[in-house]
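[1] The sequence and its predicted three-dimensional model are supplied below.
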Amino acid sequence: MQLIVTAINKAYSSVQAVKNVSFHINSGEIFALLGPNGAGKSSIIRMLVGMTKPDSGSIMISYQSQHYDHVPRRLLGYLPEDRGLYPDKSIEKNLLYLAQLHGLSKNKALSEMEYWLDVFELTARRHDELKQLSKGNQQKVQLIAAVLHQPALVILDEPFSGLDPINQEKVVLFLQQLKAKGMTVILSAHQMAMVEKLADHMLLMAQGQVVLAGTLQQIQQQSQNQRQMKVGFSSEVNLAQLEQLDAIVSVQQLQARHYLLTLAEQASVSDALKQLLQYGELTLVEMQSADLHQLYLAAMARHKPEVAL
């Protein structure tokens, strides 16, 4: 399966929600859509699942030598932002009903359900009504419902929502299993550490536009002006003083006397060291690549909306 999105645009009234966005996803990849609320992610998802159409541009799906201008329902598994199962019905009845809507036989649906209930440790609760479950367990049932019919493309809007760290790791395993089964996954999420573990490619958006795109390594290269330095001092240093230095854009305290500094675009490492030595003896100097969370924050800082005066 291949998904090719070319120069799509979408406006609502006077708001341009998506502006000339293009990307492609190959079979078996995990692709992350990232950005703050209002960046255009949900608008793109709604176009992909067929709830709306682009004002211009195109969406093309290729699957088993067939070509489509939308994602056929039989190929799609979808976890919407607004969840919707039947709270007065059991886990099993919910899942069987939704699986049969997708054309699965009862026996096939039961077989798939057994597998995923075991993965999420819900087998013993299969006859419990959904309303009896915690929010996290309801989220697991929603995830199972999205993939019971073994879709070629799975679109997950905030799959980590409502989950504690242990269950977030279970979702990481779940997504890795989908990939191993050959499914293509698009996920929209705010948990950068989770995305960094999973995504083959990612798209960072702000104000409806693409800000950064590619693998994590490619995004790091695109943001190479965001150089970071980990430093340690022999004695305590005033954080506010470090933030005033010309060579430093931002400062994060890691532990006592240890800081993560983002260097200004035009500043050299030598410039930064000279300024830092004003405040004490350095016990550690280490250049490092920014992680996805830091790249995301830096990208969003560069694309703040302008405020009309």
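    Arrived safely.
[2] hang on, residue 185 in a strand?
    Yes. Note on residue 185: a strand contains this position according to DSSP: H, G, I helix; E, B strand; the rest coil.
[3] Tell me which residues touch residue 86, please.
    93-94, 97, 130 (Cβ atoms under 8 Å, 6 or more residues apart in numbering). (Glycine included, C-beta is placed from N, CA and C.)
[4] Give me the pLDDT for it.
    For residue 86, the pLDDT comes out at 92.
[5] swap in residue 309?
    Here, the pLDDT recorded for residue 309 equals 35.
[6] okay, now residue 259: neighbour count?
    For residue 259, the neighbour count with other Cβ atoms under 10 Å is 20.
[7] Mark which of the contacts of residue 86 are buried, thanks.
    Among the contacts of residue 86, those buried by neighbour count (16 or more other Cβ atoms under 10 Å) are 93-94, 130.
[8] Please, where are all the strands along the stretch 1-150 of the chain?
    Using DSSP state E, counting those that start in this stretch, the strands of the stretch 1-150 of the chain run over 2-12, 15-26, 30-34, 56-63, 66-68, 76-79.
[9] Compare the ones you listed and give me the one nearest residue 134.
    strand 76-79 (17.4 Å; Cβ to Cβ).
[10] So which residues make contact with the closest one?
    For strand 76-79, the surrounding residues in contact (Cβ under 8 Å, 6+ apart) are 49, 142-143, 146-147, 149, 151-157, 159, 183.
[11] Return the set of buried residues in that strand.
    76-79.
[12] would you put the C-alpha positions of it in PDB?
    Output of strand 76-79 as PDB, limited to C-alpha atoms (Å, rounded to 0.1, in the frame of the first residue of the first chain):
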ATOM      1  CA  LEU A  76      -9.200   1.600   6.900                       C
ATOM      2  CA  GLY A  77      -9.000   1.300  10.700                       C
ATOM      3  CA  TYR A  78      -9.700   4.500  12.500                       C
ATOM      4  CA  LEU A  79      -9.400   5.600  16.100                       C
END
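[13] where's the residue nearest to residue 19 when sequence neighbours are not counted relative to residue 24, distance?
    Nearest non-adjacent residue to residue 19, counting by Cβ to Cβ, 6 or more residues apart in numbering: residue 208, 4.4 Å away. Distance, residue 208 to residue 24, using Cβ to Cβ, to the nearest Å: 19 Å.
[14] Show residues contacting stretch 166-185.
    1, 3, 25-31, 77, 119-120, 136, 139-140, 143, 147, 150-156, 159-160, 163, 187, 191, 194, 197-198.
[15] roughly how far is that stretch from the heart of the chain?
    On the basis of Cα atoms, centre = their mean, to the nearest Å, stretch 166-185 sits 13 Å off its chain's mean C-alpha point.
[16] Show the model's pLDDT score for the residue located most distally from the centre of the chain.
    Ranked by distance from the centre of the chain (Cα atoms, centre = their mean), the top residue is residue 278, with 40.9 Å. We have a pLDDT of 90 for residue 278.
[17] tell me the contacts of residue 151?
    With Cβ under 8 Å, 6+ apart, residue 151 has these contacts: 74-77, 183.
[18] which of these lies closest to residue 15?
    For these, the nearest to residue 15 is residue 76 (26.6 Å; Cβ to Cβ).
[19] quick one: which of residue 208 and residue 24 has more around it?
    Counted by other Cβ under 10 Å, residue 208 and residue 24 do not tie: residue 208 has more neighbours, with 22 against 13.
[20] wait, that one sits on residue 11?
    No. Counting by Cβ atoms under 8 Å, residue 208 stays clear of residue 11, with 9.2 Å between them.
[21] And for residue 59, the neighbour number?
    Based on other Cβ under 10 Å, the number of other residues close to residue 59 is 19.
[22] Next one: the residue lying closest to residue 275 once chain neighbours are set aside relative to residue 4, how far apart?
    In this structure, residue 275 finds its nearest non-sequential neighbour in residue 245, 4.6 Å apart by Cβ to Cβ, 6+ apart. According to Cβ to Cβ, residue 245 and residue 4 sit 46 Å apart.
[23] Show me which of the two is the more surrounded one.
    More crowded of residue 245 and residue 4, by other Cβ under 10 Å: residue 245, with 20 against 15.
[24] returning to what we had before: for the contacts of residue 151, could you give me a markdown table that also reports distance to residue 230 and pLDDT?
    Output for the contacts of residue 151, formatted as a markdown table (distance: Cβ to Cβ, whole Å; pLDDT from 0 to 100):
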| residue | distance to residue 230 | pLDDT |
| --- | --- | --- |
| 74 | 50 | 88 |
| 75 | 46 | 92 |
| 76 | 44 | 94 |
| 77 | 41 | 93 |
| 183 | 38 | 94 |
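[25] which one among those gets closest to residue 115?
    residue 183 (14.0 Å).
[26] Give me the number of neighbouring residues for that closest one.
    For residue 183, the number of neighbouring residues by other Cβ under 10 Å comes to 21.
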